[in-house]
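Colleague: build me a model:
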Amino acid sequence: MTDAQETAARSAAEAPSQDSAPAPVPLLEPREGIPPVVADAEALASVVAAFSAGSGPVAVDAERASGYRYGQRAYLVQLRREGAGTALIDPVACPDLSGLAAAFGGAEWVLHAATQDLPCLREIGMAPGTLFDTELAGRLAGFPRVGLGAMVEGVLGYTLEKGHSAVDWSTRPLPEPWLRYAALDVELLVELRDALEKELERQGKLEWAREEFAAIAAAPPPPPRKDPWRRTSGMHKVRRRRQLAVVRELWQARDKVAQKRDVSPGKVLTDAAIVEAALALPESVEALGALPGFGGRTGRRQLQQWQGAVDRARALPEAALPQPGAAPGGPPPPRAWADKDPAAAARLSAARAAVTAHAEKLGMPQENLITPDTVRRLCWEPPADAGPGAVAAVLRGFGAREWQIGQTLPLLTAALSAAPPQE
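Modeller: Below you'll find the predicted structure:
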């Protein structure tokens, strides 16, 4: 970074108003240029040595090929550390980066939206002991826009070029403009981290943030999603159980094909086409081929494959058909509470109002103060003893952090005593 750029950024950050602030400085090139992509053991060993000798936090990012490939594996890993510079690593050619992670020692990892990247990083042997999430820090500090580009611009006074965020990162070789974009994504992460830490400390929220970061770092991988087919886009149109079975059979057939081909499921068959077939319940390949999403270049062999899934759903006995609504395991949708349990509906209404008001007072999104799912579960099935101790234990059981409990416990305890309106 040049002295002129640093001066411009400082001026932008310290300006008294938007009107008088200078235009942000475009960040066009990494400080040391675009590093070569690490794609063999020898080059990886050099990076391990460099980052082991570096100092301070390590900026970490990963690029996936969402929308192009099956799953969420990493296709590029970007790193930056003081004294080591920037590294771009091909995790397809170097699938085990556990040695690199060990080279960081106990250094803090700096990521933006860590929960998005940690699953694919863990697959290649990289898991942080401690971390700082700049996106979550921005949320807790009350920034209205917390994307990396918006945060770098608003906090540091630079603009990042974001034109390659949705490209196919499984492409080989990766084009130079994409590599430049990738290197710039970690160029200022540590500087952003330092500025956000100061802001959180100023607001009295730094310890809250540290609790959040520690919880993310310690969280185990999430269990497999139950009935993932229920997340098919457009499912709200599907009402009958036989139609739900068609969605399930087509979704599962598509998933097998997508996994075998290593392509995004949406490139095999769109969600919209699955829903159309479920609504129509076609009885033949010809009828299926006439539906939106199944015509055009869809070959007869493919149509037979999809019709086979429809036929399996049509042949299921009534007892084997899926039930409507979400998968069991939680409270019903809040819109149904007033009819099912008016007292629970009153508790939820009171809790939501109190939490929302307190979140606004603290200057942060309500879902970061306490998750809506936690509030719903507590209000649907409150403890028999609704005193502070019992309520706090329930909140801990749902994964609430101590700072969240401290901020919301009086509000939620009071909400549990709310009475339904008199008819």
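Colleague: how about Ala87, secondary structure?
Modeller: strand (DSSP: H, G, I helix; E, B strand; the rest coil).
Colleague: my read: it touches Val38, true?
Modeller: Yes: in this structure, Ala87 is within contact of Val38 by CB atoms under 8 Å, at 6.2 Å. For glycine as for every other residue, the C-beta is placed from the backbone atoms N, C-alpha and C.
Colleague: mutual contacts of those two, please.
Modeller: Shared contacts of Ala87 and Val38, defined by CB atoms under 8 Å, 6 or more residues apart in numbering, comprise Val47.
Colleague: end-to-end on stretch 168-184?
Modeller: 18 Å (CA to CA, to the nearest Å).
Colleague: correction: stretch 49-67
Modeller: First-to-last residue span, stretch 49-67, CA to CA: 35 Å.
Colleague: the nearest residue to Asp185 once chain neighbours are set aside sits in which helix or strand?
Modeller: Using CB to CB, 6 or more residues apart in numbering and skipping residues adjacent in sequence, the residue nearest Asp185 is Asp61, 4.9 Å away. According to DSSP states H and E, Asp61 maps onto strand 55-64.
Colleague: after that strand comes which helix or strand?
Modeller: Trace forward from strand 55-64 with DSSP H and E and the next one is strand 74-82.
Colleague: got the angle for that following strand vs strand 55-64?
Modeller: Orientation note: strand 74-82 sits at an angle of 160 degrees relative to strand 55-64 (axes from the mean of the first three to the mean of the last three CA atoms, to 10 degrees).
Colleague: re the thing from before, thought the residue nearest to Asp185 was touching Tyr181?
Modeller: No: Asp61 is beyond contact range of Tyr181, at 10.7 Å (criterion: CB under 8 Å).
Colleague: strand partners (parallel or antiparallel) of the strand holding Asp61?
Modeller: strand 74-82 (antiparallel), strand 109-111 (parallel) (DSSP bridges).
Colleague: what about Lys205? Give its phi and psi, please.
Modeller: Main-chain torsions, Lys205, degrees, to the nearest 10: phi -120, psi 10.
Colleague: pick out the residue nearest the middle of the protein.
Modeller: Gln116 (4.2 Å; CA atoms, centre = their mean).
Colleague: do a quick rundown of the strands in the stretch 301-423 of the chain.
Modeller: Assigned by DSSP state E, counting those that start in this stretch, the stretch 301-423 of the chain shows no strands.
Colleague: the closest residue to Asp168 other than its chain neighbours: how many residues sit nearby?
Modeller: Distances taken as CB to CB, 6+ apart place Tyr68 nearest to Asp168, at 4.2 Å, with adjacent residues excluded. Residues lying near Tyr68 (other CB atoms under 10 Å) number 18.
Colleague: Tyr68 touches Ser264, doesn't it?
Modeller: Yes: if you go by CB under 8 Å, Tyr68 and Ser264 touch, sitting 5.7 Å apart.
Colleague: can you get me a residue count around Gly83?
Modeller: 10.
Colleague: again, but for the one 5 residues further on
Modeller: Other residues near Leu88 come to 23 when the count uses other CB under 10 Å.
Colleague: and the gap between it and Cys120?
Modeller: 16 Å (CB to CB, to the nearest Å).
Colleague: got it, and Arg248?
Modeller: Distance from Arg248 to Cys120, by CB to CB: 27 Å.
Colleague: which one's more surrounded, these two?
Modeller: When neighbours are counted by other CB under 10 Å, Arg248 and Cys120 differ, and Arg248 comes out ahead with 23 against 19.
Colleague: just the pLDDT at the nearest residue to that one once chain neighbours are set aside, thanks.
Modeller: Nearest non-adjacent residue to Arg248, counting by CB to CB, 6+ apart: Trp229, 4.8 Å away. pLDDT for Trp229: 97.
Colleague: same check, this time on Gly296
Modeller: Reported pLDDT for Gly296: 77.
Colleague: may I see the buried residues of stretch 389-405?
Modeller: With burial defined by 16 or more other CB atoms under 10 Å, the residues of stretch 389-405 counted as buried are Val391, Ala392, Val394, Leu395, Ala400, Arg401, Trp403, Gln404, Ile405.
Colleague: let me see the ranges of the strands in the stretch 101-250 of the chain.
Modeller: In the stretch 101-250 of the chain, the segments counted as strands under DSSP E, counting those that start in this stretch are 109-111, 131-133, 158-160.
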